[in-house]
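>>> What shape does this take:
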Amino acid sequence: MAEKEVLIIIKSKPFTNLNYYEGLRTAAGFWDHQVKILWMGEGVYGAINQADKSLTGKFLSDLPDLDIELYVDKEALVKAGFTEEDLVEETQLADMETVQSIIEGTEASFVF
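Residues are numbered from 1 along each chain as shown. Just a heads-up that it's a prediction; the model follows:
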């Protein structure tokens, strides 16, 4: 099977349901593809260092080792009252132009 560019968009709060967890689990499951995770909207709370990581800590620490790129929507992050220093390691800020480029550059996307 040919490698695909896959985007996992996480828009769900990490503390209201398991969508956030399932998004990270799905990303890890696509280890043989080029995967990017993009936190948007209320999903940015999951990219914050201080968020509860009892269910997701292992995934978050393993994702960079799987060459999964991590991005957070800068506008949503600022709206939530956080800065780049609040993000989990290896996460990059993405302005609207970068978000658009990421979305347009993927062959498959999943929204959680």
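>>> how about low-confidence regions in the chain?
By pLDDT under 70, the low-scoring segments of the chain are 1-2.
>>> Show me where it has its strands.
5-10, 34-39, 69-73, 91-94, 108-111 (DSSP state E).
>>> can you give me the angle the second one makes with strand 69-73?
Inter-element angle recorded for strand 34-39 and strand 69-73: 30 degrees (by axes from the mean of the first three to the mean of the last three CA atoms, to 10 degrees).
>>> Now tell me what touches strand 34-39 from outside.
With contact meaning CB atoms under 8 Å, 6 or more residues apart in numbering, strand 34-39 is reached by 3-10, 23-24, 27, 46-47, 63, 66-73, 76, 91, 94, 99, 102-103, 106. Using the backbone N, CA and C atoms, a C-beta is placed for each residue, glycine as well.
>>> 6 Å - rerun?
5-10, 27, 46-47, 68-72, 102 (CB atoms under 6 Å, 6 or more residues apart in numbering).
>>> so of the strands of the chain, which one's packed in deepest?
Stretch with highest mean neighbour count among the strands of the chain: strand 34-39 (a mean of 24; mean count of other CB atoms under 10 Å).
>>> tell me how far that strand is from the chain's mean position?
Computed by CA atoms, centre = their mean, to the nearest Å, the chain-centroid distance of strand 34-39 equals 5 Å.
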